[in-house]
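Undergrad: Please work out how this folds:
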Amino acid sequence: MNLKKAIFLIAILAVAHIGYGQIREETLGPNSPDPVKQVQVYPNPAVEFLSLKFETPLAKKVRLTVHNILGNTLEVETEVVDEHEIKLKVKDLATGYYFVSVRDDQAALRGTYKFLKR
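TA: Okay, here's the model as predicted:
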């Protein structure tokens, strides 16, 4: 087995171990709101677009970063639908698992969400 195949298999096993649709929470303090309740990521799996819907009007303030399973940052076109929703164009991404990081330091929102692109 060559090195690329071995790395790919390890990455797949890591994703399987983490679990489908799991979130890694990173709140700024003990009184910070629960990021699971603040952000909805759908549809998951996604085909053309991935929507992020915020409980509070944060869409124009948040920083989004999309990473592939190896941790490489990817350029993804985004569209602010309204103050509660952002759409990411994932149509051009290869099939596989990705992570989207959501950051807004003023609102104490930090979270990383896993999604599957089909």
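
Undergrad: So, low pLDDT: which residues of this structure?
TA: 1-37 (pLDDT under 70).

Undergrad: same thing but 50
TA: Residue ranges of the chain with pLDDT under 50: 16-30, 35-36.

Undergrad: So which residues of it form helices?
TA: Secondary structure of the chain (DSSP state H): helices located at 3-18, 35-38.

Undergrad: For this protein, which segments count as strands?
TA: Secondary structure of the chain (DSSP state E): strands at 23-25, 39-42, 49-54, 63-68, 73-74, 78-82, 85-89, 96-104, 109-117.

Undergrad: can you pull the buried residues of the second one?
TA: Residues of strand 39-42 classed as buried under the neighbour-count rule (16 or more other Cβ atoms under 10 Å) are 39, 41. Placement of C-beta: from N, CA and C, glycine included.

Undergrad: do the same with stretch 85-103
TA: Counting neighbours by 16+ other Cβ under 10 Å, one finds that the buried residues in stretch 85-103 are 86-88, 90, 93, 97-102.

Undergrad: Show the end-to-end separation of that stretch, please.
TA: End-to-end distance for stretch 85-103: 14 Å, by Cα to Cα, to the nearest Å.
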